[in-house]
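J.: Sequence and predicted structure, then a few things I'm wondering about:
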Amino acid sequence: MATSDHQPQEEPRAAPPPMTVKELVDSGAVGSVVPPEYRSRDQDHAAVEVEIPTVDFLLLREGDDRQRRKTIRELGRACEEWGFFMVVNHGVPIGIIDAMLDAARGFFDLPEAEKREYAGNHVLDPIRCGTSFNPAVEDVKYWRDYFKLIVHPVFTSPSKPPGFSEALLGYATCVRKMTMELLRGISEALGLEQHCMERELDLYNGVQLVAGNLYPPCPQPELAMGLPPHSDHGLLTVLLQNGVGGLQVKHGGSWVHVRPAPCSFLVNTGDHMEIFSNGRIKSVLHRAVVNSWATRMSIAVVQGPSLETCVRPTPLLVKGVDRRMFRGMKYRDYVEFQQKNRLEEKSVLDVLRSTGD
Ligand SMILES: O=C(O)CCC(=O)C(=O)O
Ligand SMILES: [Fe+2]
């Protein structure tokens, strides 16, 4: 059928923005079945219960010489054998932790249109939010909404909801102090001078990224995944959750359920720790599974080098018969490269692995 030239042409409509998982659940659109685009290829979520290493932060910071040395040895062992540990006695006030969790919940509860103003479009935009990891390159979406905020070296925060930025600043400052102390301890455990990592990786200008993750209840949790097996790009990630479990870490070939002690932080090693330490410390694979009964929330604070630092194994750990395990890359390029790809185990780090030298 021919169309009349005189008919007003309809304006092409912009595609509606994809629904967040929260919107999907709140609107009742999911019902009892997970939409096909969220069905994970990996549907084996089995995990074992094993005690995870614990680091007593008070002994690291204020212990006498013997206690400090013992704690540094334990910290080193946790990093080398697990890439994962729980920090107790960290001294971060509970009020600051609760304020951060409340603020994050407040952000996710904003009307969808207001959250969308913060969507961003580049991985290094200081404020971003969205769903899954990178839907542009994924054939399966993850059951997760997120915000990601770069809070150091320049502090940035959404202006909504009220009080968010104060809570974020308080939390990020405390976590950064603790992380720097842990990094000094890890430097010592590696046999380096305690400020070595700070100096070589320009941590005074280091990137601190605060990611909030929301995993609403899922009608068929065995079919979906909150986040797939991956390693984080930074040096260390400090993770806090809202009392609902779901994190699993890979240890000794098995997935391990993580059940943190009350008021503790979980810490995992990232790819830049593996590069800097020339593979002595590996970044740990972890994933987030979802459940059908409660909304899970986590706050992951990633501490990385400065964006312009070209990170390579420290020459101090490439000695004698050890060969250089990774070639160097600017942290900025690494983060951009990871975001352009699917989140898939350690596929980005593998690109930097040296085969000869
Ligand atoms: O929610 C979790 O437990 C894990 C979050 C995570 O791995 C991440 O944000 O990179
Ligand atoms: Fe992670």
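T.: Alright, I've got the coordinates. Ligands and ions are numbered 1, 2, ... in the order given.
J.: how many neighbours does Gln43 have?
T.: For Gln43, the neighbour count with other C-beta atoms under 10 Å is 11. Just so you know, the C-beta spots here come from the backbone N, C-alpha and C atoms, and that holds for glycine as well.
J.: thinking it is in contact with Pro221, fair?
T.: No - because the distance of 10.2 Å does not satisfy C-beta atoms under 8 Å, Gln43 is recorded as not touching Pro221.
J.: buried sites along stretch 97-117?
T.: Neighbour-count burial for stretch 97-117, counted by 16 or more other C-beta atoms under 10 Å, picks out Ile97, Ala99, Met100, Leu101, Ala103, Ala104, Phe107, Phe108, Leu110, Lys115.
J.: Where does His272 sit, in terms of helix or strand?
T.: Secondary structure from DSSP states H and E places His272 in helix 271-276.
J.: Not counting that helix itself, show me its contacts.
T.: Where contact means C-beta atoms under 8 Å, 6 or more residues apart in numbering, the residues beyond helix 271-276 that reach it are 79, 83, 186, 197, 200-201, 231-236, 281-283, 304-305, 311-314, 325-326, 328, 331, 334, 346, 348-349, 352.
J.: How far away from the center of its chain is it?
T.: Once both centres are worked out by C-alpha atoms, centre = their mean, to the nearest Å, helix 271-276 turns out to sit 15 Å from its chain's centre.
J.: Packing partners of the very next helix or strand once past it?
T.: Scanning the chain past helix 271-276 towards its C-terminal end, the next helix or strand to appear is strand 286-288 (assignment: DSSP H and E). In terms of contacts (3 or more C-beta pairs under 8 Å, 6 or more residues apart in numbering; DSSP states H and E), strand 286-288 is packed against strand 227-230, strand 247-251.
J.: Okay, buried residues for the helix or strand that the longest one is followed by please.
T.: If you walk from strand 247-251 toward the C-terminus, the next helix or strand you reach (DSSP H and E) is strand 254-257. Judged by neighbour count (16+ other C-beta under 10 Å), strand 254-257 contains these buried residues: Trp255, Val256, His257.
J.: ok, which stretches of the stretch 51-200 of the chain are helices?
T.: Listed in chain order, the helices of the stretch 51-200 of the chain (DSSP state H, counting those that start in this stretch) span 57-62, 65-81, 94-108, 112-116, 164-189, 196-200.
J.: can you tell which of the ones you listed is closest to ligand 1?
T.: Distances from ligand 1 to each of the helices of the stretch 51-200 of the chain were compared using C-beta to the nearest ligand atom; the shortest belongs to helix 94-108, at 11.7 Å.
J.: Which strands and helices lie in contact with that closest one?
T.: Here helix 94-108 touches strand 145-152, helix 164-189, strand 208-215, strand 236-241, strand 296-303, going by 3+ C-beta pairs under 8 Å, 6+ apart.
J.: how about those, which one is nearest Val137?
T.: Distances from Val137 to each of the helices and strands packed on helix 94-108 were compared using C-beta to C-beta; the minimum, 15.9 Å, belongs to strand 145-152.
J.: Direction included, what does that closest one pair up with?
T.: Strand 145-152 sits in its sheet next to strand 127-131 (antiparallel), strand 208-215 (antiparallel), going by DSSP bridges.
J.: Extract the C-alpha trace of it and format it as CSV.
T.: Included here for strand 145-152 are C-alpha records, laid out as CSV according to Å, rounded to 0.1, in the frame of the first residue of the first chain:
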residue,chain,number,x,y,z
ASP,A,145,21.6,-2.2,39.8
TYR,A,146,24.5,-0.1,40.7
PHE,A,147,26.0,3.4,41.2
LYS,A,148,29.7,4.1,40.8
LEU,A,149,31.2,7.3,42.2
ILE,A,150,34.8,8.4,41.9
VAL,A,151,35.5,10.1,45.2
HIS,A,152,39.3,10.6,45.1
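J.: what does the average pLDDT come to for it?
T.: Regarding strand 145-152, the rounded mean pLDDT is 98.
J.: does any bit of it sit next to ligand 1?
T.: No - shown here: strand 145-152 not in contact with ligand 1 (C-beta under 6 Å from any ligand atom), separated by at least 7.2 Å.
J.: What are the neighbouring residues in contact with the nearest residue to Glu345 once chain neighbours are set aside?
T.: In this structure, Glu345 finds its nearest non-sequential neighbour in Pro229, 5.3 Å apart by C-beta to C-beta, 6 or more residues apart in numbering. When contacts are counted by C-beta under 8 Å, 6+ apart, Pro229 is found next to Asp42, Lys250, Leu285, His286, Arg287, Glu344, Glu345.
J.: Contacts only, for the residue in the stretch 1-150 of the chain that ligand 1 sits nearest to.
T.: Distances between the stretch 1-150 of the chain and ligand 1 by C-beta to the nearest ligand atom are smallest at Tyr146, namely 7.2 Å. The neighbourhood of Tyr146, defined by C-beta under 8 Å, 6+ apart, consists of Cys129, Gly130, Thr131, Ala211, Gly212, Asn213, Leu214.
J.: Apart from its neighbours in sequence, what residue is nearest the residue nearest the centre of the chain?
T.: With the centre of the chain defined as its mean C-alpha position, the nearest residue by C-alpha atoms, centre = their mean is Ala300, 4.7 Å away. Nearest-residue entry for Ala300: Ala211, 4.5 Å, with adjacent residues in sequence omitted and distances by C-beta to C-beta, 6+ apart.
J.: and the residue in the stretch 101-250 of the chain positioned nearest to ligand 1, how many neighbours?
T.: Among the residues of the stretch 101-250 of the chain, Leu247 lies nearest to ligand 1; the distance is 3.5 Å by C-beta to the nearest ligand atom. By other C-beta under 10 Å, the residues close to Leu247 number 24.
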